[in-house]
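>>> Coordinates only, no sequence provided:
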DNA sequence: CGAAGTATTGAGGACGGTCAATCCTCGTGG
DNA sequence: CCACGAGGATTGACCGTCCTCAATACTTCG
C-alpha cells in the first residue's frame, strides 16, 4: 500500500546541548564529561515531525544518528510501493550505523513514528568514535546484536504464526517498549493506525481492524482512532501463543 | 565438493593445515604467510556429516568458526518444533561470530546441509584477531552487513510475496550461490529435499512438491530425489517477480 | 463545510495448509 | 542379489484463513 511522504526542512546546530543528554546512554556512558562535550560540539540536532524520513534506503550513508526522543520505524519499500516494517527503534539508540556493518549506503529507510529529536554526526567521525571512546564500539555492536535477534524473531513469526498471533505479539511488544499505564489498562503511548500495525505484521489494515473489533467486543482492548489500550494483557499473551 | 574423505569424528588439530586454505578468504587475505601460519596453528579442524549441528541456539559461544567446505543452514526452532531457516552460509565464510555482536550465546543453530569441513578457534582469541590482523574486523563486519541485508530481504519476501514467488526466489538464490552447470541447465550442487525448501520459504513440503511438479511439466526445471536442475532460469526469474 | 485520512463491516473467493493414501528411491542386511 | 524398510515425493480432496473488492461512516482540520 503506498503512502504519502512529506518533505522536511533544516538541520541546525543547537546552542549548547546539555551533556546529560548522552551521559546515561550506553554508547557514551563510560565517557568523561569532557569527551561528551567534544562529541556534542560535533553533533547536529534536529527535530522531525511524525511520519517523515530521517534517511532513505540506498542513500549514501553520510551521517549516523542518535535518537534522543521519539520513535523510529525502519521500513523497506517494495517495488510495488508496499511498506514493510523491519524494526522499531526506541529513544536512546543509534541508527543509520551503516558504517558499522561495512556499508556505504543505508540498507533501509528510517521513518519517524512520532515527533522525534535526533542528533547526528558525519560518518567520517565514525572511526574516531570507535577508536577513541571506550565502550562505544562494544555497545554499538551489542545494539546490532539485539537488532539481529529481533529480525530473527520476526522471520520466525512471519514463517510460523497466524495473523492473529502476529498482531497480538506486535501489540504486546509495543506496550512493552512504550506502554503507558492509564486508567483501565496500558496504552501505546504514540498514535498508531491500523495501517501501521498491518505493516508491522504483514497483513492488511482490514484484517487488523476486524481483529481489534473482535478483541474489543471481548473486552481485551479498547481503541479509538490511532489509540490502542490493552485492558487484559494476559489474554493477549494467551492469544499470541496460539 | 569434497565427498570422499577419511573418517574424522572428533575435533582435532591436523598436522599442518596448508596456508592456501585461508590466503584467499577475505578475512585473512591481507595477512602475511607467517600470520596465517600462526592462525592455523591455533585452529582446530573438523569434518561434519550432512545434517548435524555445528552449534546450537543458546549454547554459550565458546568457539567461532570458518566454513572451509560445504554448506551450512542457520536455523531457528520454534517451541512446536518447526524449523525455520534464517540464512544460508556458503564455504569461505565465518560463522558463530556471536562475539562480533556482543553476545555470549549463539542466537541460532547452525546445521550442515552437506558434509562440511570447518575450522574453529576459541572465542577468547576473537579480540586478538580483531586487534592484530589487518582487515579481519572490517571483513567480518562486512559479512555481518551482508547477512543483515539478507535477513531484511527475507522479511520483505515473507511479508509481501506469494509462496510461488518465494520458492522461485529461493531456488534462484541457491543456484546463484552454489549452482553448477550441467548439461541442459544449472543444478543445485548439493542434495536438497522438498522439506528443506519448505523450511527456507515458510511453506509446506506438499506445496513445494506441487510447485516443482507444475514447473517440471512446463519445462522450467527437472528434479529427482534431492536434486533440482533449473532448465529455464529466466522463466523462473519472471515467476519470482510475480 | 468539504476534504482527506482513518476505521468498520460485509460478501466472495483464492491461496495454500491439513489429512491421507500411494508410490518411488535408496541403502542395508540377510 | 533380492527383500525390506525408511525416508522422500506425489497427488487428490477438502476447507479455513485471510486477502480483495466494495460500500459506508467517523474524525479531524483547514
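Happy to help now that I have it. Remember, it's a predicted structure, so these values are computed and weren't measured experimentally.

>>> Can you pull the residues of chain A lying near DNA strand C?
By the rule CB under 7 Å from any atom of the strand, the part of chain A lying against DNA strand C is A:4, A:193-195, A:205-206, A:209-210, A:212-213, A:223, A:225-226. Heads up, the C-betas are built off the backbone N, CA and C, glycines and all.

>>> between these, which is nearest residue A:168?
In terms of CB to CB, no member of those lies closer to residue A:168 than residue A:212, at 10.6 Å.

>>> and the one helix or strand that closest one maps to, anywhere near DNA strand D?
Assigned by DSSP states H and E, residue A:212 belongs to helix A:205-217. Yes. Using CB under 7 Å from any atom of the strand, helix A:205-217 reaches DNA strand D at A:206, A:207.

>>> what does that helix contact?
Outside helix A:205-217, the residues that touch it by CB atoms under 8 Å, 6 or more residues apart in numbering or on different chains are A:1, A:163-164, A:167, A:193-195, A:197-198, A:201, A:221-223, A:228, A:236.

>>> circling back: so which two of the residues of chain A next to DNA strand C are the farthest from each other?
With CB to CB as the measure, no two of the residues of chain A next to DNA strand C lie farther apart than A:4 and A:213, at 26.1 Å.

>>> quick one: which of those two has more around it?
Neighbour totals were compared for residue A:4 and residue A:213, and residue A:213 leads with 12 against 5 (other CB atoms under 10 Å in any protein chain shown).

>>> State the pLDDT value of that one.
Looking at residue A:213, its pLDDT is 97.

>>> What is the helix-or-strand element of chain A with minimal mean pLDDT packed up against?
Least confident helix or strand, chain A: strand A:83-90 with a mean of 90, by mean pLDDT, DSSP states H and E. Contact here means 3 or more CB pairs under 8 Å, 6 or more residues apart in numbering or on different chains; DSSP states H and E; on that basis strand A:83-90 packs against strand A:71-77, helix A:136-160, helix A:163-178, helix A:194-201, helix B:136-160.

>>> who are the neighbours of the last one, in terms of helices and strands?
Applying 3+ CB pairs under 8 Å, 6+ apart, we find helix B:136-160 packed against strand A:71-77, strand A:83-90, helix A:136-160, strand B:83-90, helix B:126-132, helix B:163-178.

>>> try 7 Å this time
Contact here means 3 or more CB pairs under 7 Å, 6 or more residues apart in numbering or on different chains; DSSP states H and E; on that basis helix B:136-160 packs against strand A:83-90, helix A:136-160, strand B:83-90, helix B:126-132.

>>> Please report how far residue A:200 lies from DNA strand D.
12 Å (CB to the nearest atom of the strand, to the nearest Å).

>>> I misspoke; the intended subject was residue A:62.
Taking CB to the nearest atom of the strand, one finds residue A:62 at 33 Å from DNA strand D.

>>> how deep is the residue nearest to that residue when sequence neighbours are not counted tucked in, by neighbour count?
Nearest-residue entry for residue A:62: residue A:123, 5.7 Å, with adjacent residues in sequence omitted and distances by CB to CB, 6 or more residues apart in numbering or on different chains. Neighbourhood size, residue A:123 [other CB under 10 Å]: 17.
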